[in-house]
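*Asks:* one predicted model, sequence on top.
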Amino acid sequence: MSTNSIKIFAGSSHRHLAGLVATRLGIELSKVGVYKYSNQETAVTIGESVRDEDVYIIQSGSGEINDNLMELLIMINACKTASARRITAVIPCFPYARQDKKDKSRAPISAKLVANMLTVAGADHVITMDLHASQIQGFFNVPVDNLYAEPCTLKYIKECIPDYRSAVIVSPDAGGAKRATSIADRLDLDFALIHKERKKANEVSRMVLVGDVRGKVAILVDDMADTCGTLGLAAKTLVDNGATRVYAIVTHGILSGKAVSVINNSVLEKIVVTNTVPHESKKVECPKLDTIDISATLAEAIRRTHNGESVSYLFSHVPE
């Protein structure tokens, strides 16, 4: 690959993933210094020339989300003012993606605000993965490539879940039905759905299963696992309805709050997450946690973007 005018910078949210992407591309991460002043202001120093270069900044929306978002904006702006030819923000897990609509009076659409900030800072292109709501692409006035973890998920199911051919793909809520049916169709498996009733945000009061899982392996599929309350309850509902084993496969394993203890105490056989969000420390506490590496997909998307090739191949294939 021609990498003579490509620069990859890592933000501090997920340096490990940025390193894996750079290694896949056969280049080294470019030098950048990120500092915090004693008054908590973020300062960024780009350590090498980016004039007329194709710049990619990898920063995930995880951990200290607001700090990391601000850091990304400053890095984009620093490269813009240093005459970079094109700046692509690679955001594996898009911050504020769940605030994508006015679901109650006076609610902000924060995902649109984030899109505006990225554009104003100077981003010419955005690469992200499994957006919580795909219409967020329309919040931008610059191109957005929303990659899918689905090909990696299918590969994992085929290689790592014994007797997956007699499994049922389950969506833990109505919102994820499209994602789950797509995977079920690709594997030629049955599909089931769990309807959840909420009394207030992040608290589920009751779950009802629609579909048949009796005597089968159930594979829960979702885009995000935050506190894992929904997954824990969904797994219990499936076992109560006769499922033999329950796996969960999630793109963004945010795993905040009591998530690890919820997983450890749940009937889940395994919870599988991609590395869009760092979770190495959680794996130590949670033996049920497994990882799918998506650095190859991001690296191939960067390579294809740089060379002006189509990215749509990645929607249905895992790069070799």
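*Replies:* Thanks, I have it.

*Asks:* so, low pLDDT: which residues of the stretch 1-150 of the chain?
*Replies:* 1-4 (pLDDT under 70).

*Asks:* one more time with 90
*Replies:* Along the stretch 1-150 of the chain, the model assigns pLDDT under 90 to residues 1-5, 62-63, 103.

*Asks:* for the helix ranked longest in the chain, name the packing helices and strands.
*Replies:* Longest helix of the chain, by residue count under DSSP state H: helix 65-81. Under the contact definition 3 or more C-beta pairs under 8 Å, 6 or more residues apart in numbering; DSSP states H and E, helix 65-81 sits against strand 32-36, strand 42-46, strand 54-58, strand 86-91, helix 110-121. Any C-beta I mention is one placed from the backbone N, CA and C, and that applies to glycine too.

*Asks:* repeat that for 6 Å
*Replies:* Counting contacts by 3 or more C-beta pairs under 6 Å, 6 or more residues apart in numbering; DSSP states H and E, helix 65-81 is packed against strand 42-46, helix 110-121.

*Asks:* of those, flag the one that's most buried.
*Replies:* helix 110-121 (a mean of 18; mean count of other C-beta atoms under 10 Å).

*Asks:* longest strand anywhere in this protein?
*Replies:* Ranked by residue count, the top strand of the chain under DSSP state E comes out as strand 190-200.

*Asks:* mind listing what's buried in that strand?
*Replies:* Going by neighbour count (16 or more other C-beta atoms under 10 Å), the buried part of strand 190-200 is 191-194, 196.

*Asks:* show me which of these is closest to Met70.
*Replies:* Top of the list for closeness to Met70, among the buried residues of strand 190-200 and by C-beta to C-beta, is Lys196 at 34.1 Å.

*Asks:* model confidence at the closest one, what's the number?
*Replies:* pLDDT for Lys196: 77.

*Asks:* tell me the contacts of Ala10?
*Replies:* Neighbour list for Ala10: 18, 29, 58 [criterion: C-beta atoms under 6 Å, 6 or more residues apart in numbering].

*Asks:* can you give me the helices in the stretch 151-300 of the chain?
*Replies:* In the stretch 151-300 of the chain, the helices defined using DSSP state H, counting those that start in this stretch lie at 177-187, 229-240, 259-264, 280-285, 295-306.

*Asks:* which among these is found nearest to Ser62?
*Replies:* Among those, helix 280-285 comes nearest to Ser62, with 11.7 Å by C-beta to C-beta.

*Asks:* contact partners of that closest one?
*Replies:* Contacts of helix 280-285 (C-beta under 6 Å, 6+ apart): 255, 260, 289.

*Asks:* which of these tops the neighbour count?
*Replies:* Of all these, the highest neighbour tally under other C-beta atoms under 10 Å goes to Leu255, namely 25 neighbours.

*Asks:* that one and Val277: what is the separation?
*Replies:* 8 Å (C-beta to C-beta, to the nearest Å).

*Asks:* which neighbours do the two share?
*Replies:* Counting by C-beta under 6 Å, 6+ apart, nothing touches both Leu255 and Val277.

*Asks:* follow-up on the earlier one: dump the helices and strands packed on helix 65-81 to a markdown table, plus distance to Lys283.
*Replies:* Shown next, in a markdown table, are the helices and strands packed on helix 65-81 (distance: least, C-beta to C-beta, whole Å):
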| stretch | distance to Lys283 |
| --- | --- |
| strand 42-46 | 29 |
| helix 110-121 | 29 |
